[in-house]
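Asker: For reference, the sequence and a predicted model appear below.
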Amino acid sequence: MLVSLMKGVELGSAMRMSEVIEDVTEVGADRVAVVTGPNLAREIAARMPAAAVVACTDEAVARRLQAACHTPYFRPYTNTDVIGCELGGAVKNVIGLAVGIADGMGLGDNAKGSLITRGLAETTRLGVALGADPLTFSGLAGLGDLVATCSSPLSRNHTFGTNLGRGMTLEETIAATQQTAEGVKSCESVLDLARRHEVDMPITETVFEIVHEGKPPVVAVKELMSRSAKPERR
C-alpha cells in the first residue's frame, strides 16, 4: 500500500498526485491510498481533535489504512472517490489564496462567505467533469478542508493571500512566508486541468492572474464582480 498526503496537481501533466505515484511506481490504483481533509498540521501534532478521509478505489485497502491511523484524537472516514477527494484538497489551496487576498483587502465576511461557496461550486464542476461524485465535495475532503484553509491563521495559503491583498508583491510575499503555499503553483495547474476539460473556474483564473500575471487585486476583484449574471446552479 502506498499512501499520498500531497494536495496538488502536477504542473505540465495536470495529473493528480495519486496518478503521479501510479505512473512513477507502476502500481495499480487499488494500491494507492490518499489521506486528506481539514488537517492543519500543527493542530494534529498537538493532538487536537480532527477528522480526515482515507480514499482508495479498493475499499478494503481504505479500511485497512483507516484502522492503522485511527486514534482518540484523529478520526478517519473511508471513501472510494479518489478523484473527488484529491481535487477537493488541491483546489481548496487556490480558494484559500482568494479568501486571503479578500481578507487582506478588508473586503469583509460577506465576500469571504461568497468566495468559499462559489469556490466550492467551481471545485465541484471540475470534479464532476473528471468523474467524481459531487457529494464528496460536501464532505471532509471538500467543504471541511476548504473551511479550515479559508478561516485559520495556521493556513499557509490564506496567510500568503492576505499579504498579497495588503499590497505586497509576489516576491515580498514569498520572502515573508517561510513555508510553502501550495496554491501558488496549484492555481496554474488546476486552471490548466479546467481548460483541458472546458470547465469554467473564474475564481481560480482570477487567483492565477493576480499571482502569476501581476494583475492588481483591486482590478481583479472588480472584473470578477462584473461578470455576467447567471443562475446559481451553474
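Answerer: Sure thing, it's come through.
Asker: So what does V9 have for phi and psi?
Answerer: With angles defined as degrees, to the nearest 10, V9 sits at phi -130, psi 130.
Asker: how close does it sit to A220?
Answerer: Applying Cβ to Cβ, to the nearest Å, the value for V9 to A220 is 22 Å. For glycine as for every other residue, the C-beta is placed from the backbone atoms N, C-alpha and C.
Asker: out of those two, which sits in the more crowded spot?
Answerer: Neighbours per residue, other Cβ atoms under 10 Å: of V9 and A220, the larger number sits with V9, 29 against 19.
Asker: Report the secondary structure element holding the residue nearest to the more buried one when sequence neighbours are not counted.
Answerer: Nearest non-adjacent residue to V9, counting by Cβ to Cβ, 6 or more residues apart in numbering: S189, 4.0 Å away. When secondary structure is defined by DSSP states H and E, S189 falls within helix 183-196.
Asker: Check A51 too.
Answerer: With DSSP H and E as criterion, A51 is part of strand 50-55.
Asker: what residues does that strand touch?
Answerer: 33-40, 43-44, 62, 65-66, 69, 73-82, 85-86, 139-141, 144 (Cβ atoms under 8 Å, 6 or more residues apart in numbering).
Asker: Residues touching the helix or strand just after it, excluding its own?
Answerer: Using DSSP H and E, the helix or strand that follows strand 50-55 towards the C-terminus is helix 59-69. Here helix 59-69 makes contact (Cβ under 8 Å, 6+ apart) with 1, 3, 30-31, 33, 35, 54-56, 76-80.
Asker: quick one: buried residues of the following helix or strand past helix 59-69?
Answerer: The element immediately downstream of helix 59-69 (helix or strand, assigned by DSSP H and E) is strand 74-79. For strand 74-79, the neighbour count (16 or more other Cβ atoms under 10 Å) marks 76-79 as buried.
Asker: Rebuild these as TSV, extending it with pLDDT and distance to E26.
Answerer: Output for the buried residues of strand 74-79, formatted as TSV (pLDDT from 0 to 100; distance: Cβ to Cβ, whole Å):
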residue	pLDDT	distance to E26
P76	98	27
Y77	98	29
T78	98	25
N79	98	25
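Asker: Name the nearest of the residues you listed relative to V94.
Answerer: N79 (21.6 Å; Cβ to Cβ).
Asker: Please name the bridge partners of A55.
Answerer: V34, N79 (DSSP bridges).
Asker: if you skip the residues just before and after it, what's nearest to A176?
Answerer: Distance criterion Cβ to Cβ, 6+ apart; nearest residue to A176, sequence neighbours excluded, is N163 at 5.9 Å.
Asker: just checking, that neighbour touches T177?
Answerer: Yes - N163 is within contact range of T177, at 7.1 Å (criterion: Cβ atoms under 8 Å).
Asker: What residues of the helix or strand bottoming out on mean pLDDT in the chain count as buried?
Answerer: Counting by mean pLDDT, DSSP states H and E, the weakest-scoring helix or strand in the chain turns out to be helix 170-176, with a mean of 86. Buried residues in helix 170-176, counting neighbours by 16+ other Cβ under 10 Å, are found at T173.
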